[in-house]
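Chemist: Turn this into a model:
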Amino acid sequence: MKETGLSSGTLYPLLMRMTDQGLVEAEWHEPAQPGRPPRHAYRLTAAGFALALELRNEQGSLTRPEALA
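Modeler: Reported below is the predicted structural model:
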């Protein structure tokens, strides 16, 4: 959440939607310290990684000066 600047009320629904779409997978991790709750860990799936690369490439072509010529 710190990296994105998004609140939990915005970020977690997005992660759940991306999980439902097969772009992200989630798994429970046991707490590192006793008394803490388990946590979800999220990771891109192959489809999510491919989409991220595609979007990055599209973004890059829009921001390169030669793309404007």
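Chemist: Can you pull out the low-pLDDT segments for the chain?
Modeler: Within the chain, the stretches falling below the threshold (pLDDT under 70) are 61-69.
Chemist: Identify the bridge partners of Ala26.
Modeler: For Ala26, the beta-bridge assignment (DSSP bridges) gives partners Tyr42.
Chemist: Measure how buried it is and give me the count.
Modeler: Neighbourhood size, Ala26 [other Cβ atoms under 10 Å]: 12. (Glycine included, C-beta is placed from N, CA and C.)
Chemist: How about the contacts made by it?
Modeler: Ala26 makes contacts with 15, 19, 40-42, as judged by Cβ atoms under 8 Å, 6 or more residues apart in numbering.
Chemist: and with 6 Å instead?
Modeler: By Cβ atoms under 6 Å, 6 or more residues apart in numbering, the contact set of Ala26 is 19, 40, 42.
Chemist: So among those residues, which ones count as buried?
Modeler: Buried residues within the contacts of Ala26, counting neighbours by 16 or more other Cβ atoms under 10 Å: Thr19.
Chemist: Any chance of the contacts of Ala26 in CSV with distance to Leu53 as columns?
Modeler: Below are those laid out as CSV (distance: Cβ to Cβ, whole Å):
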residue, distance to Leu53
Thr19, 19
His40, 24
Tyr42, 18
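Chemist: Buried residues of stretch 46-53, list them for me.
Modeler: Neighbour counts over stretch 46-53 (16+ other Cβ under 10 Å) mark Gly48 as buried.
Chemist: Now do it: distance to the chain's middle.
Modeler: 10 Å (Cα atoms, centre = their mean, to the nearest Å).
Chemist: follow-up on the earlier one: name the nearest of the contacts of Ala26 relative to Leu51.
Modeler: Here the nearest of the contacts of Ala26 to Leu51, counting by Cβ to Cβ, is Thr19; it sits at 13.7 Å.
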